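Novice: Give me a model of this one.
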Amino acid sequence: MHPELARIASLQAALVICSLVVSLYVVPVSALAYGCFVSLSNTLLLAWRYKQGKYRASLNAGWALRQAYRTAIERYMLIVFLLAVGYKLLGFLPLWMLAGFVAGQVGWILALVKFKAG
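Specialist: This next block holds a predicted model:
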């Protein structure tokens, strides 16, 4: 995995742990953790696609554009699928699932800002 993406994923994982510890007695922790897991899986899919593109021998503009569109669609479909599984099959409260997802995404954005600035 690319070092920058590994740092982002590790920051997201740390944010998950911190948010779970803080909210342990306040909110349904399983729903919050699942939302953070959805966000982390989104980052890992992006890292996997980045690794595929990095080792591609002949990288032309058409292939890169197709991969960008494919990755964007896959990321959205993964999020929708995992959130639907959490809501329908696992019975988590949607508010706390989305709160966990937003917390994970905020961690992703903060990691990008931190590692690009420093």
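Novice: what's the helix ranked longest in the chain packed up against?
Specialist: The single longest helix within the chain, with elements called by DSSP state H, is helix 29-54. Applying 3 or more Cβ pairs under 8 Å, 6 or more residues apart in numbering; DSSP states H and E, one finds that helix 29-54 contacts helix 3-22, helix 61-84, helix 94-117. Placement of C-beta: from N, CA and C, glycine included.
Novice: Among those, single out whichever gets nearest to residue 39.
Specialist: Nearest to residue 39, of all these, is helix 94-117, at 2.5 Å by Cβ to Cβ.
Novice: Name the residues that touch that closest one?
Specialist: Applying Cβ atoms under 8 Å, 6 or more residues apart in numbering, the contact partners of helix 94-117 are 4, 7-8, 11-12, 14-16, 19, 27-28, 31-40, 42-43, 79, 83, 86-87.
Novice: Try it again at 7 Å.
Specialist: 4, 7-8, 11-12, 15-16, 19, 27-28, 31-36, 38-40, 43, 83, 86-87 (Cβ atoms under 7 Å, 6 or more residues apart in numbering).
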